[in-house]
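Asks: kindly return the folded structure for what I paste below:
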Amino acid sequence: MKQLEMHYKRMQQKYHPDQYATKPQSEQAIAAAESSSINAAYDVLKDPLRRARYLLDTSNEDEEGTVTDPELLMKVMEYQERIDGSSNQKELTEIRDEIESRYEKAIQDISEAFSAGNPEDAREKINCLSYFKTLSQRISEKLHVE
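Replies: I've put the predicted structure just below:
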């Protein structure tokens, strides 16, 4: 991620519209478009779920996948029940830590699936990552409300 951020900053320095303030209008327009594209790309690449979905989209896999792993679905339901049933900040923090560990593991699994040239497995892991991201967001919302 550090390397991504460094590359992003370097590209932004090069194409930031302020660098083209005294240039002709056509060059300013190009710089603005490039800067916008750089920002959009960075937003996708810095988020593991969006990055994985982008990679899957570019792998020519056009079918939407669904999670078929019954153990995962049961675990997600269990987490949802635990989150809904808890108002204890310590317990919610412990659940969040468990989910974040699974989130990090899913990121690793996605990377391995892409490295192995297995987009079907990557799709399933991306769906898994999506579940864990949603659960983590629910906990964060609940922790900030209380």
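Asks: which stretches of this structure aren't confidently modelled?
Replies: For the chain, the stretches with pLDDT under 70 are 59-68, 145-146.
Asks: all the strands of it, in order from the start?
Replies: Assigned by DSSP state E, the chain shows no strands.
Asks: any idea how far Asn88 is from Phe132?
Replies: 21 Å (Cβ to Cβ, to the nearest Å). (C-beta placed from N, C-alpha, C; glycine too.)
Asks: more crowded one of these two?
Replies: Applying other Cβ atoms under 10 Å to Phe132 and Asn88 shows that Phe132 carries more neighbours, namely 24 against 11.
Asks: and Ile83, what is it in contact with?
Replies: Counting by Cβ atoms under 8 Å, 6 or more residues apart in numbering, Ile83 touches Leu92, Ile95, Leu135, Arg138, Ile139, Lys142.
Asks: show only the entries of those residues found in helices.
Replies: By the criterion of DSSP state H, membership of the contacts of Ile83 in helices covers Leu92, Ile95, Leu135, Arg138, Ile139, Lys142.
Asks: so which of those comes closest to Leu55?
Replies: Comparing the ones in helices among the contacts of Ile83 against Leu55 with Cβ to Cβ places Leu135 closest, at 22.6 Å.
Asks: what is the burial count for the closest one?
Replies: Neighbourhood size, Leu135 [other Cβ under 10 Å]: 23.
Asks: let me have the ones in helices among the contacts of Ile83 in a markdown table, adding distance to Gly117 as columns.
Replies: Formatted as a markdown table, the ones in helices among the contacts of Ile83 follow (distance: Cβ to Cβ, whole Å):
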| residue | distance to Gly117 |
| --- | --- |
| Leu92 | 39 |
| Ile95 | 35 |
| Leu135 | 29 |
| Arg138 | 34 |
| Ile139 | 35 |
| Lys142 | 40 |
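Asks: between the residues you listed, which has the most around it?
Replies: Leu135 (23 neighbours).
Asks: just checking, that one touches Glu98?
Replies: No. With contact defined as Cβ atoms under 8 Å, Leu135 does not count as touching Glu98 (9.6 Å).
Asks: overlap of the contact sets of these two?
Replies: Tyr79.
Asks: skipping adjacent residues, who's closest to Arg138 in space?
Replies: Ile83 (5.6 Å; Cβ to Cβ, 6 or more residues apart in numbering).
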